[in-house]
Structures are given as C-alpha cells and as structure tokens.
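Colleague: What would the 3D arrangement of this be:
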Amino acid sequence: HADRIRYLACLALHGLANDHHVAQVLETLNITQALTKIVRSEPVLVENKRIHKRLKREAIKLIEHISDACKTSESKAIIGDVADATNKRLLRNAIVERTQISFDSRELVSLIADHLRDRGFRQAASALDEEARERYAAAERARA
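Modeller: Sure thing, here's the model as predicted:
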C-alpha cells in the first residue's frame, strides 16, 4: 500500500500547490528532490507496478507544477519591481521635463571651466576662460 499512499499524497499536494504560497513552501522544502527520487525508484512490490506508474506520472506533474508556480510568482515579483522602478523613472523624467531651468551663461561657462580644472584639464579650462572673456567683452562692446 506504500505506493498507493504516496500516489494519494501526490494528488493532495498537487491540489494544495494550486495556491502559489503553498507551492513556494513546497519548493523551499525541496519536495521536488524527494519526488525525483520517487520517479527514479521501482515499485515497493512488483504487483503494484500499475499504481507506481501512476505515482511517477503524478510526481512528474507535481514537480512541473511547483517549478512553474515558483517561477511565475518570482517573475511577477520581478516584473512588479521593474514596473515600479520604471514608473518612478518616468515620473522623475516628467518632473525634470516640466521644470524650467534658467541659468546665467557666464556662470555655466565658469562652472564648466572649474570642472575641467578639477579633472586636470587646465589648458582646456584656461582656453575656455579666455574665449569666454573675449566673447563677453565683445558682446558688451556691441551693446554699448
């Protein structure tokens, strides 16, 4: 009767595993390893060959069901996390797009020159400073 009891237990677990939380618990308990051993085993008694064959089929179905249920719930969680991150990114982008940024061009050029200097591009920063002085001086002469 051992194979019959195992078969009925597999049927019961398969029914319970329809709930993804139960499937996760079964996966955590490594029930699939025990089921794999059953699939590889021979019947306890030779006269139970037919029930053992049904047990193997049910064990394989249960392994597949548990694996699929856990993958699906993990995938849903991952997809949910990705969707949340994407929504946050889209919201930030929308906020940035709507934000009016105004700056003084002289301050921006000075900031860029300072950045270049901090990074070791002293000649580039000096060239930018020089060109900026010339352009702003020319612009002020043109206004006067």
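Colleague: where does the chain have low pLDDT?
Modeller: 69-87, 90-91, 94, 96 (pLDDT under 70).
Colleague: again, only this time at 90
Modeller: Scanning the chain for pLDDT under 90 picks out 1-4, 6-7, 14, 17-53, 55-107, 136, 138-144.
Colleague: And the helices in this structure?
Modeller: 2-16, 20-28, 31-40, 49-98, 105-118, 122-143 (DSSP state H).
Colleague: JSON lines please, covering those helices and showing mean neighbour count.
Modeller: The way it works is simple: take the backbone N, C-alpha and C, and place the C-beta from them, glycine included. Output for the helices of the chain, formatted as JSON lines (neighbours: other CB atoms under 10 Å):
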{"stretch": "helix 2-16", "mean neighbour count": "16"}
{"stretch": "helix 20-28", "mean neighbour count": "16"}
{"stretch": "helix 31-40", "mean neighbour count": "15"}
{"stretch": "helix 49-98", "mean neighbour count": "13"}
{"stretch": "helix 105-118", "mean neighbour count": "14"}
{"stretch": "helix 122-143", "mean neighbour count": "12"}
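Colleague: and Ser41, what are its phi and psi?
Modeller: Ser41 adopts backbone torsions of phi -80, psi 170, taken as degrees, to the nearest 10.
Colleague: quick thing: my sequence starts at 166, can you match it?
Modeller: Okay, residue one is now 166; in that scheme the one you just asked about reads as Ser206.
Colleague: burial count for it?
Modeller: 14 (other CB atoms under 10 Å).
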